[in-house]
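Asks: I would like the atomic coordinates for the input below:
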Amino acid sequence: MKNALLIVIAMSCFGMISCKRENNIIIFHKSHEAKKQNAPFSDAVESNGFLFLSGQVGMNHTTRTLVEGGIEAETKQCLENIKAVLEHHNSSLDKVVKCTVILKEINDFATFNAIYKSYFPNKPARTTFAVSGLAVGASIEIDVIAAK
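Replies: Here you go, the predicted model:
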């Protein structure tokens with residue numbers, strides 16, 4: 001009886017460990033944009049119930065050019081791009097848990113922040129910093145981590 005109980009406990013532990021391993025599947029999603037299919041990165045990587053999005057800039061994905069209008073227009077477009085990628089993967093902005101924001105000019109912080117607040121009322125964790133330059137001459141780049 002004692003040995004039977006030990007076997008049941010051992011099998012239960014093994015079963016729990018086996019179940020956890022299945023959750024560690026990593027999916028590298030191809031871009032939903034045809035022009036980015038050969039990019040050296042994934043738009044989104046899925047793991048353990050989370051989506052890790054690559055950085056988005058304020059690019060109009062139809063024309064493949066930055067929107068005009070400076071930090072305000074680029075911030076809105078950037079966030080709309082993130083929203084589109086999340087929706088493509090059955091998630092949404094309200095499931096974002098972490099944002100990393102990179103500004104070309106730290107003086108744009110107040111303008112960016114005012115727009116950002118309207119997209120993220122749940123207040124996900126965030127890191128914001130400025131750099132000397134961004135890809136394609138962008139004024140802002142944002143990446144997020146969201147629950148699936």
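Asks: From Lys83, how far out is Asp143?
Replies: For Asp143, the distance to Lys83 (Cβ to Cβ, to the nearest Å) stands at 14 Å. No exception for glycine: its C-beta is placed from N, CA and C like everyone else's.
Asks: So what sits opposite Ala130 in the bridge?
Replies: Bridge pairing for Ala130 (DSSP bridges) gives the partners Leu103.
Asks: Next one: it relative to Ile71, how far apart?
Replies: From Ala130 across to Ile71, the span is 12 Å (Cβ to Cβ).
Asks: who has more neighbours, those two?
Replies: When Ala130 and Ile71 are compared for neighbours, Ile71 comes out ahead with 22 against 15, by other Cβ atoms under 10 Å.
Asks: Secondary structure class of Glu141, three-state.
Replies: strand (DSSP: H, G, I helix; E, B strand; the rest coil).
Asks: Please tell me I have it right and it contacts Leu134.
Replies: Yes - here Glu141 reaches Leu134: they are 5.3 Å apart, a contact under Cβ atoms under 8 Å.
Asks: neighbour-wise, which of these two wins?
Replies: Neighbours were counted for Glu141 and for Leu134 using other Cβ under 10 Å; Glu141 has more, 21 against 17.
Asks: contacting residues for the more buried one?
Replies: Listed by Cβ atoms under 8 Å, 6 or more residues apart in numbering, the contact partners of Glu141 are Gly55, Gln56, Val57, Cys78, Val101, Ile102, Leu134, Ala135.
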